[in-house]
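Asks: dropping the sequence and predicted coords here.
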Amino acid sequence: MVRRSGEATREEIRVAAARLFRERGFARTSVRDIAALAVTNPALVIRHFGTKELLFLDTMRFTIDDEPLLDVPLERFGERFIDVVLSQDDIRGVYLALVRGSNEAQIKVRLQAIHERTFVEPVRARLAGPDADVRARIAAAVVGGLLYALWVVEDEALLAADRDELIARYGALLQQALTGPTSPRPTAAPPR
């Protein structure tokens with residue numbers, strides 16, 4: 001039997017953990033399962049990562065490539081953002097693992113940080129005005145609602161919807177959160 005280096009073992013554990021956390025979530029993945037898939041001893045999992053929670057935090061990360069988000073005019077940003085989020089395969093597994101594990105304090109903090117860094121900050125960077133932060137947060141909530149409906153609830157009608165139509169419709173909702181309604185707001189009638 002060929003003996004692996006410490007770094008090779010660590011990487012095997014990381015790969016196994018990432019796969020199992022995405023497939024099963026935090027609670028349904030044991031250190032023994034991770035060790036078995038990595039073909040190593042459970043004690044080495046703990047030795048290399050400290051705890052299952054720390055291993056989870058080490059492996060469950062995602063980012064959105066900002067490049068496609070920055071190369072479109074703000075008027076088309078909503079649709080582009082939805083397209084990018086739905087196109088990046090890694091997002092679904094990590095999102096689900098984080099949501100499923102969010103009852104753990106450190107995982108909840110990671111989920112909050114990802115929400116801020118991956119959704120709010122790139123959107124806010126594109127906006128101007130005193131209400132830019134709140135518009136960015138509303139936009140992030142729109143995206144989060146879509147991801148929740150698709151991947152947590154598994155809404156059958158949304159899953160069966162035409163991808164381009166879904167992108168266009170949710171893109172329009174996101175765009176409205178970013179730039180406001182396209183038609184002027186009705187003004188209140190003067191008091192009589």
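Replies: Right, received. Where do you want to start? The shown structure was predicted, so the numbers you read here are calculated from the model rather than taken from an experiment. Residues are numbered from 1 along each chain as shown.
Asks: so what's the residue count around D83?
Replies: Other residues within reach of D83, judged by other C-beta atoms under 10 Å, total 20. From N, CA and C alone the C-beta is placed, and that goes for glycine too.
Asks: which pLDDT value belongs to it?
Replies: Per-residue pLDDT puts D83 at 89.
Asks: excluding sequence neighbours, find me the nearest residue to D133.
Replies: With sequence-adjacent residues excluded and distances taken as C-beta to C-beta, 6 or more residues apart in numbering, D133 is closest to R124, at 5.9 Å.
Asks: from A172, how far out is that neighbour?
Replies: For R124, the distance to A172 equals 20 Å [C-beta to C-beta, to the nearest Å].
Asks: swap in A35?
Replies: Between A35 and A172 the distance is 48 Å, computed by C-beta to C-beta.
Asks: higher neighbour count, these two?
Replies: The residue with more neighbours, out of A35 and A172, is A35; 20 against 14, by other C-beta under 10 Å.
Asks: need the contact list for the more buried one.
Replies: 13, 16, 41-42, 44-45 (C-beta atoms under 8 Å, 6 or more residues apart in numbering).
Asks: go again with 6 Å.
Replies: 42, 45 (C-beta atoms under 6 Å, 6 or more residues apart in numbering).
Asks: report the distance from the helix or strand encompassing A97 to the chain centre.
Replies: Per DSSP states H and E: A97 is located in helix 89-100. The chain centroid and the centroid of helix 89-100 are separated by 6 Å under C-alpha atoms, centre = their mean, to the nearest Å.
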